[in-house]
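Build me a model:
(one chain, ligands or ions: 1)
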Amino acid sequence: MANPEKGISGGCYDAIVLGAGIQGTFAAYHLAKRQKKTLLLEQFLLPHSRGSSHGLSRIIRSAYPQDYYMAMMVESFHLWAQLEAETGTKLYRPTPLWVLGRQENPEFQSYRKTMERHRVPSETLGAEAFAQRFPGFHLCGGEMAVSDRTAGVLCPDKALQVLQDQFRGNGGTVCDGEKVLRIVPGTVVTVITQKREYQAKSLVVTAGAWTGPLLAPLGLHLPLQPLRITICYWKENRPGTLEKLPCFIGINLNGDKHHIYGLSAGDYPGLVKICYHHGNPVDPDSPDRLNQSSLPVPDVQILRDFVSKYLPGLDPEPALQERCLYTNTPDEDFVLDHHPRFRNIVIGAGFSGHGFKFGPVVGRILCQLSLGETPSYDLAPFRISRFLGRPKSTL
Ligand SMILES: Cc1cc2nc3c(=O)[nH]c(=O)nc-3n(C[C@H](O)[C@H](O)[C@H](O)COP(=O)(O)OP(=O)(O)OC[C@H]3O[C@@H](n4cnc5c(N)ncnc54)[C@H](O)[C@@H]3O)c2cc1C
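Next comes the predicted model:
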């Protein structure tokens with residue numbers, strides 16, 4: 001007689017990747033390219049827009065205040081280009097990114113110094129020269145702009161689609177509409193979904209905003225905070241403002257705690273995207289309900305104030321609003337590590353609203369960790385042990 005406790009067997013794999021966002025899909029792609037029998041599991045039917053990796057635009061750039069991210073971007077640009085060549089698909093539109101800030105702002109200075117050290121092709125403009133180049137964008141006295149000429153805009157929807165096709169083409173299996181309910185650690189990991197149970201030598205967990213509750217039963221309480229981000233699109237009220245809007249990141253420009261970034265991405269003809277790089281804590285399963293325990297972040301009001309002051313040619317009321325999820329760590333650095341007790345469970349999480357551009361290199365690192373290899377990067381900034389001693393941590 002069949003054991004009712006035991007689910008229908010879905011088979012045995014070299015590796016299972018849990019979560020088919022950009023990080024999980026890239027990890028699965030690298031594993032399949034290494035001839036590993038790989039299963040990619042996704043709770044929603046693909047494609048979907050309920051996580052962090054959907055849409056039509058993500059900024060890719062070399063510019064970072066930290067050397068370790070800049071070093072990773074060299075390989076990431078290379079791997080994005082490789083994927084374009086492999087699939088014959090254009091995934092990236094080059095366009096300079098302007099980092100805007102006050103000259104004395106420590107973070108702005110870090111951007112400039114790191115870009116200089118890594119010889120990123122760039123240009124520096126004061127407020128007046130910037131206004132001549134981009135009429136309609138009003139920087140204030142003492143503010144300046146430094147460009148990253150390697151930057152561009154990626155198309156996430158297209159990237160995920162071609163990547164999942166490539167994964168299948170390399171022998172990988174995708175099971176979507178199949179939520180993972182439980183992970184049973186062991187020399188062979190068992191993954192139990194609503195429909196079946198699977199086994200694998202290793203498991204890569206890339207579950208985005210859902211990662212925390214999946215790992216808690218394994219004794220790992222990572223400080224991951226899902227945030228609801230409001231994506232705002234704006235229309236011009238002064239003709240010509242839109243075509244001249246550069247891709248930019250403003251560092252504390254209006255005294256704002258978090259960055260404001262913008263791009264004329266073409267997501268919606270006649271509109272530009274300008275967003276606040278922060279949001280409100282939510283449960284990813286009910287993103288409409290805000291967490292009552294904290295004061296709401298007035299993200300849209302912060303953007304209205306910014307647009308009125310810096311881009312007066314735009315209508316200061318957003319024409320369209322959409323939602324997306326970030327999963328933030330306290331230091332906004334990623335988590336790329338083994339589970340501290342179960343070495344064959346590898347975790348890629350906490351991409352804190354800046355992980356898309358790193359997808360190819362993050363995927364490769366997760367693939368290497370799951371195969372027991374040592375990646376060529378110093379992973380110290382991404383280790384779980386940095387959270388040791390935090391109140392909820394049981395590492
Ligand atoms: C509005 C916005 C703008 C951004 N802009 C940029 C940018 O310009 N540049 C940049 O580099 N980055 C940017 N980012 C960040 C980047 O998009 C994210 O860091 C990245 O997409 C995170 O990918 P992920 O794979 O970790 O998460 P996700 O894409 O959320 O993938 C996780 C997947 O796991 C699945 N899953 C979860 N639980 C289960 C389960 N139990 N069973 C099965 N499946 C499960 C989910 O359904 C989901 O599909 C932006 C993000 C947002 C929201």
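
who in the stretch 51-200 of the chain is up against the ligand?
Residues of the stretch 51-200 of the chain that fall close to the ligand, judged by Cβ under 6 Å from any ligand atom: 51-53, 58-59, 179-180. All C-beta atoms are positioned from the backbone trio N, CA, C, and that covers glycine.

Output those as a markdown table; include the columns secondary structure, neighbour count and pLDDT.
Listed next are these as a markdown table, based on DSSP: H, G, I helix; E, B strand; the rest coil; neighbours: other Cβ atoms under 10 Å; pLDDT from 0 to 100:
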| residue | secondary structure | neighbour count | pLDDT |
| --- | --- | --- | --- |
| G51 | coil | 22 | 97 |
| S52 | coil | 24 | 98 |
| S53 | coil | 26 | 98 |
| R58 | strand | 22 | 97 |
| I59 | strand | 22 | 97 |
| K179 | coil | 13 | 98 |
| V180 | strand | 21 | 98 |
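
Mind giving me the packing neighbours of the helix ranked longest in the chain?
Across the chain, the longest stretch assigned as helix under DSSP state H is helix 67-87. The contact analysis (3 or more Cβ pairs under 8 Å, 6 or more residues apart in numbering; DSSP states H and E) places helix 67-87 against strand 58-60, strand 92-94, helix 106-117, helix 156-169, helix 359-370.

repeat that with 10 Å
In terms of contacts (3 or more Cβ pairs under 10 Å, 6 or more residues apart in numbering; DSSP states H and E), helix 67-87 is packed against helix 22-33, strand 58-60, strand 92-94, helix 106-117, strand 152-154, helix 156-169, helix 359-370.

now, of the ones you listed, which is deepest in the fold?
Of all those, helix 22-33 carries the top mean neighbour count, a mean of 28, counting by mean count of other Cβ atoms under 10 Å.

what about that helix, near the ligand?
Yes - Helix 22-33 reaches the ligand (Cβ under 6 Å from any ligand atom) through 22-24.

Considering only the stretch 101-250 of the chain, name the residue that lies closest to the ligand.
Closest residue of the stretch 101-250 of the chain to the ligand, Cβ to the nearest ligand atom: G208 (2.6 Å).

So that residue is in contact with S352, correct?
No - taking Cβ atoms under 10 Å as the definition, G208 is not a contact partner of S352, at 11.4 Å.

Compare the two (neighbour count), which wins?
Set G208 next to S352 and count neighbours by other Cβ atoms under 10 Å: G208 wins out with 26 against 20.

Please name the nearest non-neighbouring residue to whichever residue of the chain sits closest to the ligand.
Evaluated by Cβ to the nearest ligand atom, the chain has G21 as its residue closest to the ligand, separated by 2.1 Å. The shortest distance from G21 to any non-neighbouring residue, by Cβ to Cβ, 6 or more residues apart in numbering, is to S53 (4.0 Å).
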